[in-house]
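Q: Next comes the sequence, and after it the predicted model I'd like to discuss.
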Amino acid sequence: MFNNLSSFVQKAQSAAQQLIDPMQGLNLTNSDRHPSKASLFQNQFRLPSSQTPLYEIPAELTIPPSNVTQGDKERDRGWHYAGKLHLSEFYMCFSTTPTSFTQSASPSSAAAFTGQTHGAGPSGNGFTFPLCAIRKVERLNTQSLQFALAITTWNGISQESVKDKDAQKDKKDFREQRITIQLAGSRPACERFCDGLKKGLRNAVGSVGKYKKVISECYSEYLLRPEDKKNMNPPDAGLGMIFRYPGDPKKLRDRAKMRLWAEYLRDNGRNATLIRQPTFHKLIRVGLPNRLRGEIWELTSGSLYLRLENPTLYVDTLAKFEGKESLAIDEIEKDLNRSLPEYPGFQSEDGISRLRRVLTAYSWVNPDVGYCQAMNIVVAALLIYMSETQAFFLLSALCDRLVPGYYSSTMYGTLLDQKVFEALVEKTMPILWEHLVKSDVQLSVVSLPWFLSLYINSMPLVFAFRVLDVFFVEGPKVLFQVGLAILRINGEELLDAADDGAFISVLKSYFSRLDESAHPKSENPKLRAINRFQELMVVAFKEFSGVTHSTIQDLRLKNKDAVLNNIENFAKRTAIRNLGPDSKLLSPEELGALYDRFYGILYERQQRDHIIQEQLARTKASRARATETYPEHHNHGIEKGRVGLGPSTSLMDYDAFREFLASVSKWAISDAPAASPRRDVSEKDRGSYFGSFRRSEPNLLSPWGGNPEPADHEFMQRLFRRWDVDSSSTLTLQNVVTGFAHIKGKRDIMGTITYFFELYDDDGDGRVDREGILRISEALLFLSRRGLEGSLSNSASTPTPNGLSESSSSSLTPPIGGTINERFLGSVSAFIRRCFEYADPDHPNNQTTNEGTSPSNTDEPAGDNNSAFAIGDDEDEEEDLLAFEGPTDSPKPEKKKPELGDTIPPALGKPDTDNEARRAVSKAQSEKANAALDPSNPLHITLPTFRMVVLADELLEQFFESSFPTSLHLIDGLASTNQSTSSLTTFSNMGFGRTSGAPPPVPQAGMAGAGRSLRGVLDNIVTDASRVAAEVRRRMEEAQRELEKNAVPGQRDEEEEEEEDVQGLRPTGYGGDPERRSVRSSDRDLLDGADAGAGAAKNPEGQSQLNVDANGVQDARPRTSSSATQRIVEFEG
Amino acid sequence: MADSNAPKPSSSVKLVLLGEAAVGKSSLVLRFVNNDFQENKEPTIGAAFLTQKCNLPTRTIKFEIWDTAGQERFASLAPMYYRNAQAALVVYDLTKPTSLIKAKHWVAELQRQASPGIVIALVGNKLDLTNDSESGQAESEGADGEESGDARKISTEEAKTYAEEEGLLFFETSAKTGHNVSEVFTAIANAIPETSLKSTRGPGASSAVNRGGDEQRVNLNGPREAAKEGCAC
Ligand SMILES: Nc1nc2c(ncn2[C@@H]2O[C@H](COP(=O)(O)OP(=O)(O)OP(=O)(O)O)[C@@H](O)[C@H]2O)c(=O)[nH]1
Ligand SMILES: [Mg+2]
């Protein structure tokens, strides 16, 4: 039954999508389809999102033949790799693999295996040096090398050894890590690069200490420690150090692996200064040794760089949230004893509390993810091999980059990758796929846990860890390759499996026999020695080598929309069902529409924000860096808004609420003339509500997108506050549903009247004071100013749809007792009058002094009063009720009597239709009203009074019975009411002070128009009651001031200023509003300031600094020294 | 359990377990299938699949059990598992009030989205944690758990009333002691209407036959809308 509704939301979403790209209906964010260069760069080198590619240049890397180990005598010239050198703010990276973000990749000189990341991981030969890991950069000026740099790192120089550096240098076992890089670009390009490097190195000097502390926690530092440090304590390499590592170390050949790694690290640098050569990737493929596993995972996944960026984040987070509670913590607590329970470390308090701390800390830093089952298993596995801090950052790297969306609150990443996996199976194993389809077996039922727990609880741990070894270098495609290989290897048996059960048991038994020989019957002992896991690895990476990062990426893009829609349909169904009893007051259609609209608006607002910010950043960037660098700002693909993506937008703030109301009720649309481009467009596609999404671009930058600007009336604020039951300043879907249910659901006039009354009963004491009465009447005028809707049975009435056009046409001529809307004005004025007439004094004593009679409550007929309001001659009860209201505080009742008879004649409860009569009444009542408005005579109305006053007027009654509830168009929205902007029935064009038929060019936004004409109305009512007028005027002006405050750009919040700024920078800015223009230019000054600052920092250094000699940079910490053959820029920490 | 001598008709029934995390779904299955209990059961990731036969006087039912993950965010995966299910165990934890609310949500979801005619049993687990478990049977029935100081937070009355309103089977169990566990499954087996037991999946049956049966079963169970609408990923 929600099919229609969900297709609606789908439409809504794809319509919203067009905000971003009108060519594409798919819900793909820009960064999906065109990942920014920055994000590609970050992915390739697994760098934090703070890093952007500043410079790049073709280069050749030379690694000197320092080592005994590689032992290749012929290569005593060292190793040479051609590739590309990149520089970001804090890193210098080199890779021989064609990068995924440049066309001109240099050919790799090494044909050897270099990992299969296809530019989406630390692939190829090369390095990723934090600039603070570089000790010295020298410019080599030899003839053969045009432009070469010698780079010396801090590799092997510990924090302590820095102090006695000279002694260190004498040590035999110490060998500097020094590599040479020859830049292959044009001379200016080389110099630009060097300038950038120099600047970066300078900035990095301060981080050297931090860097050394961070790497001191790497096991390699202990492994390769100098002789005199042999008895130092090893850094934490996980629970395995205490509880043993899983598997038999002999069988794993752990010692041999350790030796190989020690050798490799000695020759090629360790942790952050490690240089990737072919052996590196091979060593990973054969499985990491236990004690280095954590460190290499940290390095290849890039989480080391996250740790380097903010080394104390983990500890700080734990400290900051110590003792705090959350849902995530409850969920974590449930699972602590249920995480790898077979591993002894997790039967101990030590292991469990490590797990608790890591999961808890992560749930605090990423509350959107919080805690997802399976994270406990993954983190437990990590903790066997690494410290808590390392595991914490590795978990971040996983959630943010390696398996994005897997653990999110909707798990869309998991579901998406299941679709991708299915697509791959279909493509690579069509027969098996066909079989699955025919047998109605859902593949993901089997494969989902593989992906979600990274095979950790599908395979025996020792094997799962070997999958992880490769996964952290080569990325998520490894999960797919392994999954495909599993199916391929078991293909025959799977084809015999006829249902889910059989399917699963085939695979279960396969996993339990991974350590058996793959070819037990083979004659060849070598073949016999190959176990099934090795076979799996070979099939995965050889046979499925065609499955690359970009294959996965493409398939993800293709399936994303469908997956999100599925999730959203489910979420919608569930959300609506769980909405609680109030929701039963609304129809399923209404609920569905409400749900769609609620999230539609939040989504649209978020997209708008995003675009605006992107624009702003782009503008800023292009101004700040006119040359050299790339004008992208780094947006690392964090998507928001769609329900399917996560929980980030389930709260509606007041502005969103206004926009929401404006999409369902015409009264909630601002009276301010639309910005000129918008009106043009709205002419063109005034169509469906979502038609308004398709607007010309400038509108995207208005705070409301292409939607009509919502009003900001006090009534809306009250409604918001009323709905915001927990005073959180935001509304949940539940709040909104409850709110609507109470207005629309009950279809009971008394309920609506009560609701209205309570809106204005601020302190909940059952009384609405003078102020409140005025505000109610304002609200009534506000709500009716575009005409009344609903069934109005009044004799003179015309059906609603015509009401609109009628009122606009009638506004051309002075209204003479005409339309419902005009008569409603009368009703409202009568309402005010009656309210004051029948109000109770706050202090009965006051009242007595004013008046002879003092009915302290309205239920008590004041029969003794012969007031003008003795309308008692009418027979029915209501009128009798009215009869007693009259008395109150009129000092000259006799005088009024006849006129009242005229005004509220036989058919009491009928609105006044005659302005003149009304005026007459007003005149007559002026004095009485004076008393009513006398602030020294506080008064109030109670609910019964309010009810009575409303019911006394047929039109008001109908307003509460039908008009107000129906003015909220939940299901169809404001389909045809876009035009109402122009055919607005303002009071000013109804003859109250204005006769012009055109909508008034009110300069202020909001209800200024309504406010002004309201004043007119009230003036007419109480013409000579100067005090009343003064009071009302005060009220109106107050309102107007408020309005102006809200509407004037200077008062807007920052966000909007930014939006204006963006718009200001475009040619199609705001027309004609000088104040706005001034905001814009002042903003621009700000930008210029930043621009200037950046320029100042850059320009003086425009020339090559590597060429300046010692005097040139003496003041800076880096010293430049020169010698006959080379100029050295040396950095010392 | 299975009596191989008796040539009783055998049919398979797809059963799904739903309920909040850590209420003991997997433990109930483990108890039913292996008559075992583990104090620290790993949370279910996605879903687990197990089978167990259940012998009735007239026929043998082979349960194909889908044990799902309980955490809220896994809920969107559930349609994938309850698709075509003929029976469901909706489990709550007698000591956790929120778990009954969640159970009610699941019941509503199943009633709307799953195959029509699905047999649903509401199961309150961890009875061993309440006073009225083994020894205290006498003072049990509907007694207010909280007052007598045990861990029970949901009275038998409350859950039973709800189950009756919704037409569910109702049991209170303990996976730990095994109390009432096989009874739940037997009751479900008995409640499955004969007509929906078309599919026989004996070891001897060829897969072709199975397929035919399956498709029929699907059709019998009415519109496939539920399956399509679910998160078929
Ligand atoms: N005392 C007691 N503990 C139980 C009982 N059933 C399960 N438990 C415990 O409750 C915890 C959760 O049990 P599981 O069976 O894993 O729960 P689940 O519902 O499958 O949880 P998820 O897979 O996360 O949805 C485990 O520690 C069990 O030992 C029971 O009947 N009595
Ligand atoms: Mg479970």
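A: Happy to help now that I have it. Residues are numbered from 1 along each chain as shown, chains lettered A, B, ... in the order given. Ligands and ions are numbered 1, 2, ... in the order given.

Q: going forward, measure contacts between C-alpha atoms and count neighbours the same way
A: OK.

Q: residue closest to the middle of chain B?
A: By CA atoms, centre = their mean, chain B has its centre lying nearest to residue B:89, at 2.1 Å.

Q: Pretty sure it sits in a helix.
A: No - counting by DSSP: H, G, I helix; E, B strand; the rest coil, residue B:89 falls outside a helix, being strand.

Q: Tell me how far residue B:105 lies from residue A:575.
A: Residue B:105 sits 10 Å away from residue A:575, going by CA to CA, to the nearest Å.

Q: Surely residue A:41 and residue A:54 touch.
A: No - between residue A:41 and residue A:54 there is no contact under CA atoms under 8 Å: 10.3 Å.

Q: Pick out whichever of these two has more residues nearby.
A: Set residue A:41 next to residue A:54 and count neighbours by other CA atoms under 10 Å in any protein chain shown: residue A:41 wins out with 25 against 16.

Q: what's around residue A:765, how many residues?
A: Residue A:765 has 9 nearby residues by other CA under 10 Å.

Q: all strands of chain B, in order?
A: Secondary structure of chain B (DSSP state E): strands at B:10-19, B:47-55, B:60-68, B:87-93, B:119-125, B:169-172.

Q: so which of these is the most packed in?
A: Comparing these by mean neighbour count (mean count of other CA atoms under 10 Å in any protein chain shown), strand B:87-93 ranks first with a mean of 28.

Q: ok and that strand relative to strand B:60-68, angle-wise?
A: Interaxial angle, strand B:87-93 versus strand B:60-68 (axes from the mean of the first three to the mean of the last three CA atoms, to 10 degrees): 50 degrees.

Q: For strand B:87-93, name the packing helices and strands.
A: strand B:10-19, helix B:97-113, strand B:119-125 (3 or more CA pairs under 8 Å, 6 or more residues apart in numbering or on different chains; DSSP states H and E).

Q: Parallel or antiparallel, list what pairs with that strand.
A: Note on strand B:87-93: by DSSP bridges, its sheet partners are strand B:10-19 (parallel), strand B:119-125 (parallel).

Q: Now the shortest one - C-alpha only, PDB.
A: By that I understand strand B:119-125. In PDB, the C-alpha atoms belonging to strand B:119-125 read as follows (Å, rounded to 0.1, in the frame of the first residue of the first chain):
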ATOM      1  CA  VAL B 119       2.500 -18.700  11.800                       C
ATOM      2  CA  ILE B 120       3.900 -16.400  14.500                       C
ATOM      3  CA  ALA B 121       5.000 -17.400  17.900                       C
ATOM      4  CA  LEU B 122       5.800 -14.900  20.600                       C
ATOM      5  CA  VAL B 123       8.500 -16.200  22.800                       C
ATOM      6  CA  GLY B 124       9.600 -14.600  26.100                       C
ATOM      7  CA  ASN B 125      13.100 -16.000  26.800                       C
END
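
Q: Average pLDDT for it, rounded please.
A: The average pLDDT within strand B:119-125 is 97.

Q: next one: stretch A:495-505
A: Averaged across stretch A:495-505, pLDDT comes to 87.

Q: Verify the contact between residue B:33 and residue B:49 for me.
A: No - the pair residue B:33 and residue B:49 fails to qualify as a contact (CA under 8 Å) at a distance of 11.1 Å.

Q: Helices of chain B, start to end?
A: For chain B, the helices defined by DSSP state H cover B:25-34, B:78-82, B:97-113, B:156-166, B:181-191, B:207-220, B:225-229.

Q: Tabulate the ones you listed (JSON lines), appending distance to ligand 1.
A: Converted to JSON lines, these look like this (distance: least, CA to the nearest ligand atom, whole Å):
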{"stretch": "helix B:25-34", "distance to ligand 1": "4"}
{"stretch": "helix B:78-82", "distance to ligand 1": "12"}
{"stretch": "helix B:97-113", "distance to ligand 1": "10"}
{"stretch": "helix B:156-166", "distance to ligand 1": "16"}
{"stretch": "helix B:181-191", "distance to ligand 1": "9"}
{"stretch": "helix B:207-220", "distance to ligand 1": "27"}
{"stretch": "helix B:225-229", "distance to ligand 1": "22"}
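
Q: Would you point to the one among the ones you listed that's packed deepest?
A: For the helices of chain B, the largest average neighbour count (mean count of other CA under 10 Å) is found in helix B:78-82, namely a mean of 25.

Q: Please report the distance of the residue nearest to the centre of chain B from ligand 1.
A: Using CA to the nearest ligand atom, to the nearest Å, residue B:89 is found at 11 Å from ligand 1.
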